[in-house]
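J.: no sequence on this one, just coordinates:
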């Protein structure tokens, strides 16, 4: 398990006796391109008996640089750290990305962060990575600045699948299309969303199909409205670490609806997970909802009875799906 340290809490000289091989980026989603560049960093560190370090940020740089523009995320901050820790990296150093950090000139960034704080010996970055005030620093500038310190900079090419670049931007488009198959291919894992179970309108319980509802639409990218097969896990903190990212929770087969319940003229969008053959009370619990496959798009039915009949059919199909998967 990797060790995570906030940059402001990093003790002076912490890495002075280490041969630090670092990789730098925001890494939203930890897709297969991110996984590859992190693995390259780990492999290089192991080859020279060094220490592998991910240097990342607590929020998207675009949120600060573009004057309040808010980009919806694929993964939450805590989920991102959990996924990074699962790669086998030794350390994750997290910088607070605020206006003062964004105002660092490229030279100051290299000297203060990469040299003084991290004491790096070699650096990996993705193609197109920019840094420093007004994003003035590119890979060539970075190489020039670090050459004086005899630090090698490795620019890793963008990975491609099906002639498409693997990027968080492309993956967001897959989410908006409900294209779970491509999301899985590009993330290298089953997509999930984490949230706290809150009380909805209780319509699911009233019609015989209780759901665990989460509302994360303001902050995170969510698949298009529709009905999905998936899992739900109820997160409990690890007693030893105090963290809830260790995946020891039972994966509960679920029929998941994303949308606003147009049959009932609903306006608010929800993620509603009907956990199959589950009757527990999990209000206020934190859950992870995984998406395997889209069954159908959301539909407005003529009446409640027609909706109930469709849900029964969806549930029957879900049971058959989970029996064979």
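T.: Right, received. Where do you want to start? Keep in mind that what you see is a predicted model, and the values were worked out from it rather than measured.

J.: what's the distance between residue 293 and residue 309?
T.: Using C-beta to C-beta, to the nearest Å, residue 293 is found at 22 Å from residue 309. C-beta coordinates here come from the backbone N, C-alpha and C atoms, glycine included.

J.: so these two - more neighbours on which side?
T.: When residue 293 and residue 309 are compared for neighbours, residue 293 comes out ahead with 15 against 11, by other C-beta atoms under 10 Å.

J.: make sure the more buried one is indeed in a strand.
T.: Yes - checked against DSSP: H, G, I helix; E, B strand; the rest coil, residue 293 lies within a strand.

J.: was I right about it contacting residue 229?
T.: Yes - Residue 293 is in contact with residue 229 according to C-beta atoms under 8 Å; the separation is 4.9 Å.

J.: shared neighbours, the two?
T.: Common neighbours of residue 293 and residue 229, using C-beta atoms under 8 Å, 6 or more residues apart in numbering, are residue 321.

J.: residue 270: neighbouring residues, count only.
T.: So residue 270, with other C-beta under 10 Å, has 21 neighbours.

J.: same question for residue 12.
T.: Around residue 12 there are 7 residues (other C-beta under 10 Å).

J.: ok, it - contacts?
T.: Shown in contact with residue 12 (C-beta under 8 Å, 6+ apart): no residues.

J.: next: residue 16.
T.: residue 119.

J.: what about it, which SS state?
T.: coil.

J.: shaky segments in the stretch 201-325 of the chain?
T.: Scanning the stretch 201-325 of the chain with the threshold set as pLDDT under 70 gives 237-249.

J.: would you mind giving the domain segments of this structure?
T.: For the chain, automatic domain parsing gives the domain ranges 3-161, 191-323.

J.: measure residue 149 to residue 140 for me?
T.: Taken as C-beta to C-beta, the span from residue 149 to residue 140 is 16 Å.

J.: those two - which one has more neighbours?
T.: Using other C-beta under 10 Å, the more surrounded residue of residue 149 and residue 140 is residue 149, with 13 against 10.

J.: surely the more buried one and residue 118 touch.
T.: No - if you go by C-beta under 8 Å, residue 149 and residue 118 don't touch, sitting 11.7 Å apart.

J.: mind listing the strands for the stretch 201-325 of the chain?
T.: Secondary structure of the stretch 201-325 of the chain by DSSP state E, counting those that start in this stretch: the strands cover 212-214, 226-234, 252-259, 270-275, 286-297.

J.: residue 167: which of these is closest?
T.: strand 286-297 (19.9 Å; C-beta to C-beta).

J.: partner strands of that closest one and their direction?
T.: Using DSSP bridges, strand 286-297 pairs in its sheet with strand 192-196 (antiparallel), strand 226-234 (antiparallel).

J.: for the nearest residue to residue 306 once chain neighbours are set aside, which residues are in contact?
T.: Nearest residue to residue 306 in three dimensions, chain neighbours excluded: residue 263, at 7.9 Å (C-beta to C-beta, 6 or more residues apart in numbering). With contact taken as C-beta under 8 Å, 6+ apart, residue 263 is in contact with 300-301, 303-304, 306-307.
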